Structure formats: structure tokens, C-alpha cells
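[1] Here is a sequence with its predicted model. Questions after.
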Amino acid sequence: MASIKHYRAFQIDPDGHVFGCINLVCDDDEEAKREAASLVLAHRIELWRLDQRIAKFDAPQELARQ
């Protein structure tokens, strides 16, 4: 039986401050990365599992400057 893992996708503003958190439940890190990458709109997303940063996804440059 595969175990599911809990992740958090933190929304980061242009000043580097966390302003939101989205909880994700995924089978593995790769699925969590795909889910987190899909959350990138105008702000950076950092994906964490417990105290380990799994990935960072930057906002598109043209949106990040606004």
C-alpha cells in the first residue's frame, strides 16, 4: 500500500514574504511538484514537505515586475 504525503505550497510576494499556503496531498515529490507548478500565477511558489524545501517555482518575469 502506497503512503500519501502531505506538502505545503507557500505563496511568496515580491518582497519575499509568505502571504498564503495551500495544502497538497500527493503520492510522491514528482506529483507534488506538478501540482505546485500549476499554482504559479503572479507570485513565486515554494513547495515544502515538513522542514525540507522540495522545489521553488518563480513567477513569469513580466508578471513579477508588476
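    Yes, it's here.
[2] wait, isn't Arg53 in contact with Ala36?
    No: Arg53 lies out of contact with Ala36 (C-beta atoms under 8 Å); the separation is 11.0 Å. Yep, even glycine has a C-beta here, placed from its N, CA and C like the rest.
[3] and for the two, which residues touch both?
    Residues within reach of Arg53 and of Ala36 at once, by C-beta atoms under 8 Å, 6 or more residues apart in numbering, are Leu47.
[4] neighbour count winner among these two?
    Ala36 (24 against 10; other C-beta atoms under 10 Å).
[5] Low-confidence ranges, the chain, go.
    Along the chain, segments meeting pLDDT under 70 span 1-2, 62-66.
[6] Now do the helices for it: every range, in order, please.
    29-37, 61-64 (DSSP state H).
[7] Quickly compare those helices and say which is most buried.
    helix 29-37 (a mean of 16; mean count of other C-beta atoms under 10 Å).
[8] Including distance to Tyr7, could the helices of the chain go into a markdown table?
    Listed next are the helices of the chain as a markdown table, based on distance: least, C-beta to C-beta, whole Å:
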| stretch | distance to Tyr7 |
| --- | --- |
| helix 29-37 | 4 |
| helix 61-64 | 23 |
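[9] Out of these, which is closest to Pro14?
    Shortest separation from Pro14 across the helices of the chain is recorded for helix 61-64, at 6.4 Å, computed as C-beta to C-beta.
[10] Of the helices of the chain, give the one that comes closest to Cys21.
    helix 29-37 (11.6 Å).
[11] what is the nearest residue to Asp28 once chain neighbours are set aside paired to in the beta sheet?
    Among residues not flanking Asp28 along the chain, Lys5 sits closest, at 6.9 Å (C-beta to C-beta, 6 or more residues apart in numbering). Beta bridges link Lys5 to Cys26 when assigned by DSSP bridges.
[12] what residues are up against Lys5?
    For Lys5, the contact set (C-beta under 8 Å, 6+ apart) comprises 25-29, 32, 49.
[13] For Asp15, find the nearest of the helices of the chain.
    Using C-beta to C-beta, the nearest of the helices of the chain to Asp15 is helix 61-64, at 11.6 Å.
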